[in-house]
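Engineer: coords please:
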Amino acid sequence: MVISMGMTISEKILAKASGRKYVTPGEYVVGKIDLAMIHDLTGPLTLNVLKQVGYEKPWNSDKIVIIFDHQVPANSTITAELQKQLRKYAKKYGIKLHDVGRQGICHQILAEEYVKPGMLVVGADSHTCTLGALGAFATGIGSTDMAAVILTGELWFRVPESIRFELKGDLKLGVSAKDVILYIIGMVGADGALYCAVEFSGDGIRKMSIDSRLTICNMAVEMGAKTGIVDPDEKTMEYCGTGEIIESDKDAEYYKEFEINLNEIIPQVALPHSVDNVKPVSEVEGIEVDQVFIGSCTNGRLEDLEAAAEILKGRKVWKDTRLIIIPASPRVYMEAERRGYIRTFIEAGAVVCNPNCGPCLGGHMGILADDEVCVSTSNRNFVGRMGSPKSKVYLVSPQTAAATAVEGKLVDPRRYMGDMK
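Structural biologist: Numbers count the residues shown, from 1 in each chain. Presented below is the predicted three-dimensional model:
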């Protein structure tokens, strides 16, 4: 019997971070953290833990970043006080802070300014797995674990099994990365990758932009994964500038392997109240919609806004439907404005907000009332996720969301692209 000694990219990064040459799934290691992030919701909880242990000085201020994104500008006196605490802590220890005016969705800010291939990244937010798109091992942790990281610069990890999704072929017109990841989650289920490193490979992922890869890795956690990750390539290095190229070995062993033919995927939708309750949009068209949201850490990037603008240009939002659009970062916002997308959105009847998480978490800027229906480009549609527990949320791509906003009902976007064959 031949025993493989190859490692996956996830295993290699964890081995490097823990000072090991080789690790295997199931082992426990202690890794040195390259970057740690807290935001305005999880940060105050971490500060409370530091207060309880009686010590708060960070191990390395240069490797910590605080980003305001969930409820910014502050939407209540409570929020304002919590943000005040974080400002004070950041100033005291010289920690990088993205406050009002520099705020943006934390995962997008990390992608644009901080994360490089080969890094071990932790964030006090479950969708930190987004950054695996850049060839880093990135994962969400709790606020208590984050306090340990801030004090020591280290954290224990169980080396995860890896699941490989090989993406082949090309996306059809009207189909996006969001449709791909919804299709995959619908296929494997919400618990189909529990504590696994989900690795996306193949010519299909190589053809995708970094924006699309970020979308796909963002929702790895929705199938229970520890992280989503892509081997870095020329596109990664062009986006990041620097970083360590770490790739999976050809003889690496995987817990499971799947082959996904992209040319077979059509626009998808996750129906209430589970992300894995996925069907083709064409099978459930006609559902009347009160609100449409285009944004979030899943689909608030420039590529997403461009896709929405192509459909909305010269059209109007349905009279009984609200359309909220939120760019993921100031950089995205300004480029969208330069290209004319923001004007297109406003002329169509949308409201465009400052970069932040917005209605995704039911915090502000579009909370749903009882019995309201929302079509959203975000990543979760749990009961009460975006407001009232009596509301309903459908998860879709930016193309589907834009087409839905125009018609006031859930609709297959391909009819706006001449590809309903």
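
Engineer: Excluding covalently adjacent residues, which one is nearest to the residue sitting nearest the centre point of the chain?
Structural biologist: Centroid-nearest residue in the chain, with C-alpha atoms, centre = their mean: residue 218, separated by 3.2 Å. The spatial neighbour of residue 218 that comes closest, neighbours along the chain excluded (C-beta to C-beta, 6 or more residues apart in numbering), is residue 130 at 4.1 Å. (Glycine included, C-beta is placed from N, CA and C.)

Engineer: so where's the chain shaky on pLDDT?
Structural biologist: Residues of the chain meeting the criterion pLDDT under 70: 1-4, 418-421.

Engineer: Show me the domain layout of it.
Structural biologist: Residue ranges for the domains of the chain, per automatic domain parsing: 31-156, 162-264, 268-416.

Engineer: Distance to residue 18 for these - can I get that in TSV?
Structural biologist: Listed next are the domains of the chain as TSV, based on distance: least, C-beta to C-beta, whole Å:
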stretch	distance to residue 18
domain 31-156	5
domain 162-264	14
domain 268-416	28
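
Engineer: Of those domains, which is nearest residue 6?
Structural biologist: Closest to residue 6 of these is domain 162-264 (C-beta to C-beta; 3.2 Å).

Engineer: check which helix or strand covers the residue nearest to the centre of the chain.
Structural biologist: helix 210-218 (DSSP states H and E).

Engineer: Just name whatever secondary elements that helix is in contact with.
Structural biologist: Applying 3 or more C-beta pairs under 8 Å, 6 or more residues apart in numbering; DSSP states H and E, one finds that helix 210-218 makes contact with helix 106-113, helix 177-188, strand 197-201, strand 227-229, helix 234-240, helix 296-299, helix 302-312.

Engineer: just checking, next helix/strand downstream of the last one?
Structural biologist: For helix 302-312, the following helix or strand on the C-terminal side (DSSP H and E) is strand 322-325.

Engineer: partners of that following strand in the sheet?
Structural biologist: Strand 322-325 has the following strand partners under DSSP bridges: strand 291-294 (parallel), strand 351-352 (parallel).

Engineer: Mind listing residues that contact the shortest one?
Structural biologist: Spelled out, it's strand 351-352. 322, 323, 324, 325, 326, 327, 342, 345, 346 (C-beta atoms under 8 Å, 6 or more residues apart in numbering).

Engineer: same check, this time on the first one
Structural biologist: Outside strand 291-294, the residues within contact range by C-beta under 8 Å, 6+ apart are 300, 304-305, 308, 317, 321-326, 358-360, 366, 368, 372-378, 386, 398, 401-402, 404-405.

Engineer: filter these to the buried ones?
Structural biologist: 300, 304-305, 308, 317, 321-326, 358-360, 366, 368, 372-378, 386, 398, 401-402, 404-405 (16 or more other C-beta atoms under 10 Å).

Engineer: I'd say residue 11 and residue 29 touch.
Structural biologist: No - counting by C-beta atoms under 8 Å, residue 11 sits too far from residue 29 to count as a contact (9.9 Å).

Engineer: ok, the two, which is more surrounded?
Structural biologist: Using other C-beta atoms under 10 Å, the more surrounded residue of residue 11 and residue 29 is residue 11, with 28 against 17.

Engineer: thinking again about what came up before, burial-wise, tell me which of the helices and strands packed on helix 210-218 comes out on top.
Structural biologist: Burial of those is given as mean neighbour count (mean count of other C-beta atoms under 10 Å); strand 227-229 ranks first at a mean of 31.

Engineer: Which neighbouring elements make contact with that one?
Structural biologist: Secondary-structure packing of strand 227-229 (3+ C-beta pairs under 8 Å, 6+ apart): helix 9-17, strand 137-140, strand 197-201, helix 210-218.

Engineer: Swap in 6 Å and give it another go.
Structural biologist: strand 137-140, strand 197-201 (3 or more C-beta pairs under 6 Å, 6 or more residues apart in numbering; DSSP states H and E).

Engineer: Present those strands as CSV; the columns should include distance to residue 107.
Structural biologist: Converted to CSV, the helices and strands packed on strand 227-229 look like this (distance: least, C-beta to C-beta, whole Å):
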stretch, distance to residue 107
strand 137-140, 9
strand 197-201, 16
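
Engineer: quick one: the helix ranked longest in the chain to chain centroid distance?
Structural biologist: Longest helix in the chain, counting residues (DSSP state H): helix 77-93. Computed by C-alpha atoms, centre = their mean, to the nearest Å, the chain-centroid distance of helix 77-93 equals 25 Å.

Engineer: how many neighbours does the residue lying closest to residue 188 once chain neighbours are set aside have?
Structural biologist: Spatially, and ignoring its direct neighbours in sequence, residue 188 is nearest to residue 223 (5.5 Å; C-beta to C-beta, 6+ apart). By the measure other C-beta under 10 Å, the count of residues near residue 223 is 24.

Engineer: repeat for residue 87
Structural biologist: So residue 87, with other C-beta under 10 Å, has 14 neighbours.

Engineer: closest to residue 21 out of the domains of the chain?
Structural biologist: domain 162-264 (13.1 Å).

Engineer: Roughly how far does the residue nearest to residue 218 sit from residue 108?
Structural biologist: Plainly put, residue 130 is 8 Å away from residue 108 if you go by C-beta to C-beta, to the nearest Å.

Engineer: swap in residue 273?
Structural biologist: 26 Å.

Engineer: dump the residue contacts of residue 189.
Structural biologist: residue 276 (C-beta atoms under 6 Å, 6 or more residues apart in numbering).

Engineer: got the phi/psi numbers for it?
Structural biologist: Main-chain torsions, residue 189, degrees, to the nearest 10: phi 90, psi 160.

Engineer: give me the number of residues near residue 314?
Structural biologist: Number of residues near residue 314 (other C-beta under 10 Å) recorded here: 8.

Engineer: Next, the contact list for it, please.
Structural biologist: Per C-beta under 6 Å, 6+ apart, neighbours of residue 314: none.

Engineer: One more: the one 10 residues further on?
Structural biologist: When contacts are counted by C-beta under 6 Å, 6+ apart, residue 324 touches 293, 351, 366.
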